[in-house]
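Chemist: With the input below, show me the fold.
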Amino acid sequence: MKRVFTLFASFLCAASLFAQAPAAEEAAPSPWTKGIVTSIGFSQLSLTNWAAGGSGSIALNTFIDTYADYEKGKIIWFNELQMGYGFIESFDDTGFKKSDDRLIFDSKWGYKATDKLYFSSVFNLRSQFADGYTKDVLTSSFFAPANVSLGIGIDYQPAKNIAVNFAPLTGKVVMVAIEDLRKNYGFKEEELSHFSRFELGAQLKVDTKLAVKDFTVGSHLTLFSDYLDNPLDVKVNWDVNADAKISKYFSVSLRTSLLYDSRIKSVLVRDKRTREPILDENGKEQFKAGVQFKELFSVGFSYTFGQTKKKK
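Modeler: Residues are numbered from 1 along each chain as shown. Next comes the predicted model:
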């Protein structure tokens, strides 16, 4: 719980820093567009002698999306940092559980070649803040895993809020700080003693954003093919963030994440008829690769500091 409140305090501090430094009026338009979008959702349930049963709980979800975009002449430089954390504290045997945890940083630099085409480089970092558990077994932690990629290619912007980036030369490093978790994230037997593994391939990234009055939805789809390990086996990472304003300070939000990586075995192998787990020769449960999906819906406080993004 101490780490949770530390993270929550960090989010609030970041928001206050942006709030205390509004952009000053300038004679000439600034090439920078900066801002921060914050949202906090909270719920609490208390039961006393409740005949229908149930369990008391508290839940908190926080999300911060900060951006600093530069556009001048033939140069563009877009930067975005997303931080989210949520938990459910149940007062029965299930106890504390993490419901959301994300740390995502994207940076894209481009030099204009034609009206809609840029030579570009893209950087991405993806990890999480805190320990994650499944059935009381540790499955993730800070930088366990973490994915860092850098790609060089071209960026095509056919419309204001659509960007298609193709990087045929993309280096990717998968890091897992805890050795016992490395096999869970695709490390082969000979790689288990290594902190990281390297991938080299091609990346296609499609970013879109739709804004209609008080409703916005952003989609970030990334496809990656590893030249060094089965290039036809494409890795998929797709994030969607949707927000709708109820009033000036309150909104509803929906955030989804879809992942597929054939190296990550996260789906329990079950008998098709009985749905019972199929055990291996040592009597242990078996897992296979499959689509991973997470959805988080929340209602709560939301506020935007700074300017509206020009485009992605």
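Chemist: Now that residue 127 has come up, it's in contact with residue 146, right?
Modeler: Yes: the pair formed by residue 127 and residue 146 meets the contact definition of CB atoms under 8 Å, at 3.8 Å. Yep, even glycine has a C-beta here, placed from its N, CA and C like the rest.
Chemist: Pull out the buried residues from the one helix or strand residue 66 maps to.
Modeler: Applying DSSP states H and E as the criterion places residue 66 in strand 57-72. Judged by neighbour count using 16 or more other CB atoms under 10 Å, the buried positions of strand 57-72 are 57, 59-69, 71.
Chemist: repeat for stretch 254-273
Modeler: For stretch 254-273, by 16+ other CB under 10 Å, it's 255, 257, 259-261, 263-266.
Chemist: roughly how far is stretch 261-270 from the heart of the chain?
Modeler: Counting by CA atoms, centre = their mean, to the nearest Å, stretch 261-270 is centred 20 Å from the centre of its parent chain.
Chemist: can you give me the mean pLDDT across it?
Modeler: Mean per-residue pLDDT for stretch 261-270: 88.
Chemist: rewinding a little: paired strands for the strand holding residue 66, with orientation please.
Modeler: Take DSSP bridges as the rule and strand 57-72 pairs in its sheet with strand 32-45 (antiparallel), strand 75-90 (antiparallel).
Chemist: what comes up buried for the shortest one?
Modeler: Buried residues in strand 32-45, defined by neighbour count with 16+ other CB under 10 Å: 33-41.
Chemist: now swap in the last one and tell me
Modeler: Buried residues in strand 75-90, counting neighbours by 16+ other CB under 10 Å, are found at 76, 78-89.
Chemist: Could you double-check that residue 266 sits in contact with residue 287?
Modeler: Yes: with contacts counted by CB under 8 Å, residue 266 reaches residue 287, the gap being 6.3 Å.
Chemist: and the strands paired with strand 57-72, which one's lowest on average pLDDT?
Modeler: When I compare the strands paired with strand 57-72, strand 32-45 is least confident, with a mean of 89.
Chemist: follow-up on the earlier one: any chance of CSV for the buried residues of strand 75-90, columns distance to residue 293?
Modeler: Below are these laid out as CSV (distance: CB to CB, whole Å):
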residue, distance to residue 293
76, 32
78, 27
79, 28
80, 23
81, 24
82, 18
83, 21
84, 16
85, 19
86, 16
87, 20
88, 18
89, 24
